[in-house]
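> A predicted structure for the sequence below; I have some questions about it.
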Amino acid sequence: SLLQEISPTVTQPTDNKTYTMGKKKGKSITKEESPAQEAPSASSLVPEADISSLTDNLLPPQKRLLPAAKPDFPGTLGTAVRLSTNHFPLALPSGVVYQYTITVEPPWDRPYRRSDKALYQQVIRKWRSVCPPAKKSPYSWVYDGDATLYCTKAHTDIPNCNVVVMVEDKELEFRVVDVKLVKPIPISQDIANWAARGQSGQTPQTALHALDVILAQAVVTDLEYTTVGRSYFRNAGQVLDIGMGKEVWTGLFSSVRPHSWDKGGTRYLATLNVDVSNKPATKQIHLTRDSREMGECYVGQVLGRRQTRDWRNGLNMEQVDILERDLKGLKVRYELPNGSKRQYKCNGLVEPASSQKIPDLNQTVEKFFQVTHKVKLSHPGLPCLWWLGPISKTIYIPMELCMMMGQPMPRHKVLHDESVSKMIRTTAAPPMVRQERIMEELKRNNNMYKNDPYAKEFGINIAGSMAQLTGRLLPPPSIEYRQGKQVKISQQNPGKWVQRSQDNLYKSGMELSYWAVLDLARLSKGEYEAMVKQLVIVANGVGFKIKSGADNMMYLHSQEQRVERDFAKLIEEFEIANTKLEMVIVVLPFKGGHVYDTVKKMGDLKFRVPTQCCIKRNLFKPDGQVNMQVLANLCLKLNSKLGGINHVLAPQSRPDLLKAPVMIMGADVTHPAPAHKGQKPSIAAIVASVDPQASQYEVEIRVQES
């Protein structure tokens, strides 16, 4: 990012300049200027910011303050291009915004949940029309959905109010109490002070939170939108089907980012970062009843290829496990025989209605509905939903009386691999299409905030176009193979190159002497022999030797249910022969499922044997011939996993960094979701290069209990 040198003393700018927005961390947003132009100092971007008392640890690191005589940024290599960023300049409030605390008392005793936000927003929307101070200027009040209000004016002695709102066709009374002024927030000044410190120190989170709440208020109170975190989705917007009873909602994500950026004499202190947002959700369809309008029922879609023709008469243990993992924690609507409806979360599945007894009544669920509600169940062999509410309840609902509600997938829910793949394919879009979607959705949102009553009241304006900057398109590197042979990548098609067999051999080709094929896709004898024969030919053509004699390899047919046992059997057979198994190639019938995780667990963790999974339909073309390109891609992975080097950067393409002894390192840590904190560990990993070309890496992984 573009950094400016900050001197201990500051020359204050004149008061007639406009101050507003800036840059996202990791990306620079600069004014249109040639590489030779000097960047404006951070001290010139903000008014009345005294930094003379700052200590050294609040200033940018010295290595980033480059000498003016020999600047390293911006560079000159490559072709200059104009770029549009998904950031929109903001004009911030010139005065002070006041923060309040507030308490909403619902007509129930349970603690506040994040899912209450939408309802509480409707409560405060009604409160604005009945509370005297808010009634005078309703758009000067915004609410974050929890316990914080922001207002353009300071108020004291705000009375407590009772508010009635409709909740699932019922009128419920809420109390809004203890509205108290906390502090004034000089938003522009707080962000300006942060910019004056070289964007170091604590980010002005209170000011940024206030801006996010103000700009989101019109959407979160609009019943035509559904909000999830900082993303919002039009209820009538585009929906993409990804199978397994799931769909994808398309909308926008927005967040205010602090900056210090100059353009055309205007100083910007913040931007609104906007991007396309895609959220997986459940379809709103009946659990067991197919329909002409909605297609197959939810249970049928979830079971997918695991469903049997007569599944409505009863589910096997595998089907119950799949369905319970999918349904647990999701909202389901139960329609009573008398027509009334209730909506709760599902806790899990229990026995079928024909055998599950209600403890208090000592009769089966099927008998209860027949006697009490005069309803004869059509599918008493299906499991019942365990009371759609508190776990302590012992009420069970027949599946055939329930409908899945359309809802965003909870964070802890994992999509099926097939759904993930389909979601990636259907949501991927070129940059220009994404830009068009962003602009289109912003215009639907109060004409890019120009008609937003809350933004107007707080004095916030958003630019009508994306921020522009100058970038550089770097030339693609050249690739080096064995014996110094090079392949130059085309400037017109920089994302790929052709490796010619027999000519471009791997830099360091390994030898695979002892290996096995674990077949879960039921390859025919002809398919198996053709795959092995062509794999050996392709490997030899790129300098990677594979032995395929009877003493070198083993074939074993397996199934998903016994993959662990068969994997262990392969290890045992090679140990008996006093040879070390070097690789297991696993042929899968389809992508996804638990079998992939099982194979990796057995290979990487238990037996420490490299594994390579591939899908049968990718190995063979529609006409039954082996797909040679797929085999070439497999060889790249096989050689790397055995410790070989496929290719390196050509000497003229290597950065100066690699011209001296250096170790390239990378580290990351993955934390469990908040819902699993204390139950699942954090996983930390670090990798480091161990060769001059930075092409071979060692890795260390540690599990850290939280």
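Yes, it's here.

> got the contact list for G251?
Residues counted as contacts of G251 (CB atoms under 8 Å, 6 or more residues apart in numbering) are S231, Y232, F233, R234, G237, V276, S277, K279, E441. From N, CA and C alone the C-beta is placed, and that goes for glycine too.

> Excluding sequence neighbours, find me the nearest residue to it.
The shortest distance from G251 to any residue other than its chain neighbours is 3.4 Å, reached at F233 (CB to CB, 6 or more residues apart in numbering).

> Also K331?
Nearest in space to K331, with sequence neighbours left out and distances taken as CB to CB, 6+ apart, is M405 at 4.5 Å.

> Number of residues surrounding V228?
V228: 19 surrounding residues under other CB atoms under 10 Å.

> Kindly provide the distance from it to F253.
In this structure, V228 and F253 are 9 Å apart, going by CB to CB, to the nearest Å.

> quick one, strands of the stretch 551-700 of the chain?
Under the criterion DSSP state E, counting those that start in this stretch, strands of the stretch 551-700 of the chain are mapped to 553-557, 583-588, 611-615, 648-649, 665-670, 682-689, 697-704.

> and among the ones you listed, the most buried is which?
Neighbour counts (mean count of other CB atoms under 10 Å) averaged over each of the strands of the stretch 551-700 of the chain peak at strand 583-588, with a mean of 22.

> Identify the neighbouring strands of that one in the sheet and state each direction.
Strand 583-588 has these partner strands in its sheet, going by DSSP bridges: strand 515-519 (parallel), strand 611-615 (parallel).

> Identify all contacting residues around the first one.
The reference is to strand 515-519. Strand 515-519 is contacted from outside by 528, 532, 546, 552-558, 563, 566-567, 570, 574, 581-587, 599, using CB under 8 Å, 6+ apart.

> try 6 Å this time
The set of residues external to strand 515-519 that reach it, using CB atoms under 6 Å, 6 or more residues apart in numbering, is 553-558, 570, 582-587.

> I'd like the next helix or strand past it.
Scanning forward in sequence from strand 515-519, with DSSP states H and E defining helices and strands, the next element found is helix 525-541.

> so which two of the contacts of strand 515-519 are the farthest from each other?
Looking at the contacts of strand 515-519 by CB to CB, the two members farthest from one another are H557 and E582, with 21.0 Å of separation.

> roughly how far apart are I683 and Q704?
For I683, the distance to Q704 equals 7 Å [CB to CB].

> Same question for H379.
Counting by CB to CB, the separation of H379 from Q704 is 47 Å.

> Do a quick rundown of the helices in the stretch 451-600 of the chain.
453-458, 525-541, 563-576, 594-600 (DSSP state H, counting those that start in this stretch).

> CSV please, covering the strands paired with strand 583-588 and showing mean pLDDT.
Formatted as CSV, the entries for those read as follows, by pLDDT from 0 to 100:
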stretch, mean pLDDT
strand 515-519, 97
strand 611-615, 96
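
> Which among the ones you listed is found nearest to L92?
With CB to CB as the criterion, L92 lies closest to strand 611-615 of the strands paired with strand 583-588, at 52.2 Å.

> what comes into contact with the closest one?
Applying CB under 6 Å, 6+ apart, the set of residues contacting strand 611-615 from outside is V584, I585, V586, L588, K591, Y596, V599, G603, K637, L638.

> Give me the lowest-pLDDT entry from these.
Lowest pLDDT of these: K591, 78.

> For that residue, give me its contacts.
Counted by CB under 6 Å, 6+ apart, K591 has contacts D417, I615.

> again, only this time at 10 Å
Contacts of K591 were listed using CB atoms under 10 Å, 6 or more residues apart in numbering, and they are H416, D417, E418, V420, S421, C613, I615, R617, N618.

> Just name the closest of those to P453, please.
Nearest to P453 among the contacts of K591, with distances taken as CB to CB, is V420, at 40.0 Å.

> doesn't M409 make contact with that closest one?
No: taking CB atoms under 10 Å as the contact criterion, V420 and M409 are not neighbours in contact, 11.4 Å apart.

> shared neighbours of I683 and Q704, anything?
In the contact map built from CB under 10 Å, 6+ apart, the residues linked to both I683 and Q704 are V669, T670, H671.

> where does the stretch 201-350 of the chain dip in pLDDT?
Applying pLDDT under 70 to the stretch 201-350 of the chain flags residues 260-267.

> Please enumerate the helices of it.
So, for the stretch 201-350 of the chain - with DSSP H, counting those that start in this stretch - the helices run 205-220, 298-303, 317-327.

> Out of those helices, which one sits most buried?
Neighbour counts averaged per stretch over the helices of the stretch 201-350 of the chain are highest for helix 298-303, at a mean of 23; criterion: mean count of other CB under 10 Å.

> isn't C346 right next to Y298, touching?
No: taking CB under 10 Å as the definition, C346 is not a contact partner of Y298, at 11.7 Å.

> joint contacts of these two?
Overlap of the contact sets of C346 and Y298 (by CB under 10 Å, 6+ apart) consists of D326, L327, L330, V332, C402, M404.

> Please identify which pair of these lies farthest apart.
Top of the distance list for these (CB to CB): D326 and C402, 13.4 Å.

> Overlap of the contact sets of those two?
Here D326 and C402 have Y298, V299, C346 as joint contacts, going by CB under 10 Å, 6+ apart.

> Quick check: the second one vs G95, distance?
V299 sits 57 Å away from G95, going by CB to CB.

> same deal with the last one?
With distances defined as CB to CB, the gap from C346 to G95 amounts to 50 Å.

> which of those two has more neighbours?
Neighbours of C346 and G95, each counted by other CB under 10 Å, are more numerous for C346; the result is 22 against 11.

> Please name the residues that touch that one.
Contacts for C346 (CB under 10 Å, 6+ apart) come out as 324, 326-332, 334, 385-389, 397, 402, 404.

> In CSV: the shared contacts of C346 and Y298, plus distance to L361.
Output for these, formatted as CSV (distance: CB to CB, whole Å):
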residue, distance to L361
D326, 29
L327, 25
L330, 27
V332, 23
C402, 21
M404, 28
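
> of all these, which comes closest to L181?
Minimum distance to L181 across the shared contacts of C346 and Y298 is 40.9 Å, recorded for L330 (CB to CB).

> Report the contact partners of the residue lying closest to I285 once chain neighbours are set aside.
Setting aside the residues directly before and after it, I285 is nearest to M294 in space (CB to CB, 6+ apart), at 4.6 Å. Listed by CB under 10 Å, 6+ apart, the contact partners of M294 are K283, Q284, I285, H286.

> was I right about D275 contacting S231?
Yes: using CB under 10 Å, D275 makes contact with S231 at a distance of 9.1 Å.

> Need the residues touching each of those two.
With contacts defined as CB under 10 Å, 6+ apart, the residues shared by D275 and S231 are L252, F253, S254, S255.

> taking the residues you listed one by one, which sit in strands?
For those, membership in strands holds for L252, F253, S254, S255, with DSSP state E as the criterion.

> Could you dump those into JSON lines with distance to M466 and neighbour count added?
Converted to JSON lines, those look like this (distance: CB to CB, whole Å; neighbours: other CB atoms under 10 Å):
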{"residue": "L252", "distance to M466": "13", "neighbour count": "22"}
{"residue": "F253", "distance to M466": "15", "neighbour count": "18"}
{"residue": "S254", "distance to M466": "13", "neighbour count": "23"}
{"residue": "S255", "distance to M466": "15", "neighbour count": "18"}
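
> ok, those vs Q629, which is closest?
Ranking those by separation from Q629, with CB to CB as the measure, puts F253 on top at 36.9 Å.

> Tell me who's in contact with the closest residue to V274 other than its chain neighbours.
Using CB to CB, 6+ apart and skipping residues adjacent in sequence, the residue nearest V274 is S254, 4.9 Å away. Contacts here follow CB under 10 Å, 6+ apart; on that basis S254 touches 86, 88, 212, 215-216, 219, 230-232, 272-275, 277, 438, 441-442, 445.

> Quick check: which ranges of this structure have low pLDDT?
Within the chain, the segments meeting pLDDT under 70 span 1-74, 260-267, 388-393, 592-593, 674-676, 706.

> Pull the contacting residues for G145.
For G145, counting by CB under 10 Å, 6+ apart, the contacting residues are 104, 112, 114, 116-121, 123-124, 213, 216-217, 220, 227.
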